[in-house]
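Asks: Quick one: sequence plus predicted model below, questions after.
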Amino acid sequence: MGGSGPVHLHSGINGWFAETARDLPWREPDCSPWGVLVSEIMLQQTPVVRVLPVWREWLERWPSPADLAAEPAGEAVRHWGRLGYPRRALRLHAAAVAIGRDHGGQVPDTYTELLNLPGVGSYTAAAVAAFAFGRRETVVDTNIRRVHARLISGVALPSPSLTAAEMRLAAELLPDDDGTSVRWNAAVMELGALVCTARAPKCSVCPVRDSCAWLAAGEPPPSYVPKGQAWHGTDRQVRGAVMAVLRVADTPVPPEMFTQEPADLGFAPEGIGVPLAALHRLNSAPEQLERALAGLLSDGLAELQQGGYRLPA
DNA sequence: TATTCGTGGCT
DNA sequence: TAGCCAAGAAT
């Protein structure tokens, strides 16, 4: 289909984007490919407003992949802060190392090369190729999937996991022209983020509401109930609390600090008191704490040094 | 294919 | 208030 296809959708959504798009630093023309790559990794499952300050500090500290690669991986994890999913920091560091080793320090500009970088999957590879290098790529994220589901397929939500049919549809909708396709990808994503939202979509301000199959069908409800993400009492919660301790610790943390009540330790936990108290407040079972610590070691998010836990060197 | 993996704002 | 959900990747 391509350019001979839904030109009214292209002009409608791209026109809306030109007027409404947020001013995000990684969209600035002078933003480096490295800046785009960092933004895409940080934005995985993480809202824009939370990424913004961390992204700015990150690029000021590490303006190029080589700058990050020159530091221990633990520094990346430490400065990841509370963005969540700290393995992303580890992988971004590994990607910086790979870029220096395999690509002469330059972020690669093809989908395939990007896909081979740690932490870069099909979405991120396509997004960086498109937004950093102007390539025509089929970018499919959760926003784009939701817009397509409603606008084209007439259903409230996309299927639980990405299907081949969705990729086919996205490829068919993609404008033929390179520049237009890049704007289209960004514009549909932005429409999903600001208007065609998961809950309470703002259809009254949608630029393509007259073309929306879901509206035309009378806004049918979802055919399935999305599975909630458990948190309280989970291993993930414990891992998160342990990581919060390790991020602020400047010396290895002995296991007793995690397993024993602060009052029973007999000595002050110097500097890590607040996150340590939060961890103990969880009152998690000993075996759960064991699983969390073992998992962090296994994932490379922590290592043992002088009998204590610390961020990786 | 289904799970696992953080965090916090919003409703 | 408790649950929903966010520019996914790896296994």
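Replies: On my side now, so go ahead.

Asks: residues from chain A in reach of DNA strand B?
Replies: In this structure, chain A approaches DNA strand B at residues A:45-47, A:49-50, A:82-87, A:160-161, A:199-200, A:229, A:231, A:234-236, A:239-241, A:243-244, A:295, A:301, judged by C-beta under 7 Å from any atom of the strand. (Glycine included, C-beta is placed from N, CA and C.)

Asks: Those also near DNA strand C: which ones?
Replies: A:45-47, A:84-85, A:199, A:229, A:231.

Asks: Of these, keep whichever come out buried.
Replies: Among those, those classed as buried by neighbour count (16 or more other C-beta atoms under 10 Å) are A:Tyr85.

Asks: with the ones next to DNA strand C among the residues of chain A next to DNA strand B in mind, which one is nearest to A:Val139?
Replies: Using C-beta to C-beta, A:Gln45 is the member of those that sits closest to A:Val139, with 16.1 Å.

Asks: part of a strand, is the closest one?
Replies: No: assessed by DSSP: H, G, I helix; E, B strand; the rest coil, A:Gln45 does not belong to a strand; its assignment is coil.

Asks: name the helices or strands packed onto the helix or strand harbouring A:Glu166?
Replies: Element membership of A:Glu166 [criterion: DSSP states H and E] is helix A:164-173. Judged by 3 or more C-beta pairs under 8 Å, 6 or more residues apart in numbering; DSSP states H and E, the packing partners of helix A:164-173 are helix A:142-148.

Asks: same thing but 10 Å
Replies: For helix A:164-173, the elements it packs on are helix A:142-148, helix A:178-194, judged by 3 or more C-beta pairs under 10 Å, 6 or more residues apart in numbering; DSSP states H and E.

Asks: Put the buried members of the residues of chain A next to DNA strand B into a ChimeraX selection.
Replies: The following ChimeraX command selects only the buried members of these, with burial defined by 16+ other C-beta under 10 Å:
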select /A:83,85,86,239,240,241,243,244,295,301
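
Asks: So which of the residues of chain A next to DNA strand B belong to helices?
Replies: Among the residues of chain A next to DNA strand B, the residues falling in helices (DSSP state H) are A:49-50, A:87, A:235-236, A:239-241, A:243-244, A:295.

Asks: where along the stretch 1-150 of chain A do the helices fall?
Replies: With helices called from DSSP state H, counting those that start in this stretch, the stretch 1-150 of chain A shows them at A:7-20, A:33-42, A:48-61, A:65-69, A:73-80, A:87-102, A:111-115, A:122-131, A:142-148.

Asks: near DNA strand C, anything from the first one?
Replies: Read it as helix A:7-20. No: counting by C-beta under 7 Å from any atom of the strand, DNA strand C has no neighbours in helix A:7-20; the shortest distance is 10.9 Å.

Asks: which helices and strands sit right next to that helix?
Replies: Contact partners of helix A:7-20 among helices and strands, from 3+ C-beta pairs under 10 Å, 6+ apart: helix A:178-194.

Asks: repeat for the fourth one
Replies: Helix A:65-69 is packed against helix A:33-42, helix A:48-61, helix A:73-80, helix A:87-102, with contacts defined by 3+ C-beta pairs under 10 Å, 6+ apart.

Asks: returning to that earlier point: any chance of TSV for the helices of the stretch 1-150 of chain A, columns mean pLDDT?
Replies: Compiled in TSV, the helices of the stretch 1-150 of chain A are given as follows (pLDDT from 0 to 100):
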stretch	mean pLDDT
helix A:7-20	96
helix A:33-42	98
helix A:48-61	98
helix A:65-69	98
helix A:73-80	98
helix A:87-102	98
helix A:111-115	98
helix A:122-131	98
helix A:142-148	98
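
Asks: can you list the domain ranges for chain A.
Replies: Here the domain parsing of chain A from automatic domain parsing is A:33-131, A:235-310.

Asks: residues from chain A in reach of DNA strand C?
Replies: If contacts are counted using C-beta under 7 Å from any atom of the strand, the residues of chain A sitting beside DNA strand C are A:24, A:26-27, A:39-40, A:43-48, A:84-85, A:91, A:118-125, A:127, A:141-143, A:146, A:189-190, A:192-193, A:197-199, A:225-226, A:228-229, A:231.
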